[in-house]
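Novice: Predicted model and sequence follow; I will ask about them next.
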Amino acid sequence: MKTCIITTDTYQNHDTGIGHPERIDRVKVVNEGLKKINSNNLTWLKPKPFDLTYLSLAHTSNYLQKLEETFPKEGSVFLDGDTLVCPGSKQAALDAVGSVLLAIDEVMNKNYSNAFCSIRPPGHHAESDKAMGFCIYNNVAIGAHYLIHKYKAKKVAIIDFDVHHGNGTQEIFYNHQQVLYISSHQYPFYPGTGASSEKGKYNNILNIPLDAGTTSHEFLNAYEVVFTKLKEFKPDFILLSSGFDAHQNDPLAQINLQSKDFAELTKRILSLSKELCASKIVSILEGGYDLEALQESTMLHVQSLLQH
């Protein structure tokens, strides 16, 4: 079986301007790196149009209507203090969601073992009713709802190893019995959520707060409790919110991981997924703002997906 990479052309039209950390070059360097992987088991796909009603599974109608009215025909508009949109942002954001839905289709239909979505804008800070932290639509949350709605998945696990807590994903699923949300993140830190006491209505939230300066060894050890929780939950499918900004070189955080640590974490998750959910995994790009570290880390992450 193979791994597929799903990416868009329209990510280039989401122009956040000079000096913004969530910039066009992020996906550009990721894709350049992934193209260097020499494997017959790696296939590239582009997203297709999808039924826009899937957006409303994770977002309120008021928010979606407000977004529709806010996307500019020219110039730029801030949705919040960090999240900027321009005329090309609407299609880029929709294609990011579409990439995730196609990835799920391809894995569920057994065309591929797993998939990596090389997309922007990211999604995990977007709440049900607001944009936040560079995120417009919550890509992974829409994906989890899609699995439950279309494929009747009983249980979906989301593992978020971005260095920032995915407040949006947590908010969307806080009272949802079928979704387990797990996040490891620097704490206290942006966006201010993610305390270990935040457990969800059904004990379906597991936060792993990490101190600034956390080392590779400490980070990987922290995942033992994650794997125990996954074994208890027994998901049908695993979605990864794959942020690579816990890298030691990332300018937006202070966790000291190396690129190889993301490969090691990926291998451990894959090994467990084999017994839990027949290895059904879709990985979705979130953060990562040092371009060299991001490229190297995503290459090793995808190579780990391929080796499995």
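Specialist: Cool, got the structure.

Novice: And the strands in the stretch 201-308 of the chain?
Specialist: For the stretch 201-308 of the chain, the strands defined by DSSP state E, counting those that start in this stretch cover 205-210, 237-242, 281-285.

Novice: Provide the strand pairings for the last one, with the direction of each partner.
Specialist: According to DSSP bridges, the neighbouring strands of strand 281-285, each with its direction, are strand 114-118 (parallel), strand 237-242 (parallel).

Novice: Take the strands of the stretch 201-308 of the chain and lay them out in a markdown table including mean pLDDT.
Specialist: Below are those laid out as a markdown table (pLDDT from 0 to 100):
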| stretch | mean pLDDT |
| --- | --- |
| strand 205-210 | 98 |
| strand 237-242 | 99 |
| strand 281-285 | 99 |
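
Novice: Present the ones you listed as TSV; the columns should include distance to residue 84.
Specialist: For the C-beta atoms, the positions are set from N, CA and C on the backbone; glycine is no exception. Shown next, in TSV, are the strands of the stretch 201-308 of the chain (distance: least, C-beta to C-beta, whole Å):
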stretch	distance to residue 84
strand 205-210	28
strand 237-242	21
strand 281-285	19
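
Novice: Run a quick neighbour tally on residue 257.
Specialist: If you count neighbours by other C-beta atoms under 10 Å, residue 257 ends up with 27.

Novice: Likewise for the one 4 residues further on?
Specialist: Burial of residue 261 is recorded as 23 neighbouring residues (other C-beta under 10 Å).

Novice: For it, which non-adjacent residue is closest in space?
Specialist: Distances taken as C-beta to C-beta, 6 or more residues apart in numbering put residue 216 closest to residue 261, at 4.7 Å, once the chain neighbours are dropped.

Novice: Indicate which one of the strands of the stretch 201-308 of the chain is closest to residue 153.
Specialist: The closest of the strands of the stretch 201-308 of the chain to residue 153 is strand 237-242. By C-beta to C-beta, the value is 5.5 Å.

Novice: Distance-wise, check the nearest residue to residue 21 once chain neighbours are set aside relative to residue 259.
Specialist: Using C-beta to C-beta, 6+ apart and skipping residues adjacent in sequence, the residue nearest residue 21 is residue 289, 4.5 Å away. Relative to residue 259, residue 289 is positioned 14 Å away (C-beta to C-beta, to the nearest Å).

Novice: Repeat that for residue 217.
Specialist: Applying C-beta to C-beta to residue 217 and residue 259 gives a distance of 16 Å.

Novice: where are the low-confidence patches of the chain?
Specialist: Scanning the chain for pLDDT under 70 picks out no residues.

Novice: change it to 80
Specialist: Of all residues in the chain, those with pLDDT under 80 make up the ranges 1, 308.

Novice: give me the number of residues near residue 14?
Specialist: 27.

Novice: My error: substitute residue 188 in the last question.
Specialist: 12.

Novice: OK, contacts around it?
Specialist: residue 209 (C-beta atoms under 8 Å, 6 or more residues apart in numbering).

Novice: Tell me where the stretch 51-200 of the chain has strands.
Specialist: Secondary structure of the stretch 51-200 of the chain (DSSP E, counting those that start in this stretch): strands located at 77-78, 84-85, 114-118, 156-160, 179-186.

Novice: To residue 19, which of those lies closest?
Specialist: Using C-beta to C-beta, the nearest of the strands of the stretch 51-200 of the chain to residue 19 is strand 84-85, at 11.1 Å.

Novice: Can you name the residues in contact with that closest one?
Specialist: Applying C-beta under 8 Å, 6+ apart, the contact partners of strand 84-85 are 14, 16-17, 20, 70-72, 76-79, 93, 136.

Novice: got CSV for those, with distance to residue 169 too?
Specialist: Listed next are the contacts of strand 84-85 as CSV, based on distance: C-beta to C-beta, whole Å:
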residue, distance to residue 169
14, 20
16, 22
17, 26
20, 22
70, 22
71, 23
72, 27
76, 26
77, 24
78, 22
79, 18
93, 16
136, 14
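
Novice: In helices, which of those residues fall?
Specialist: Among the contacts of strand 84-85, DSSP state H puts 70, 93 in helices.

Novice: Kindly provide the distance from residue 83 to residue 290.
Specialist: From residue 83 across to residue 290, the span is 21 Å (C-beta to C-beta).

Novice: This completes my enquiry, with thanks.
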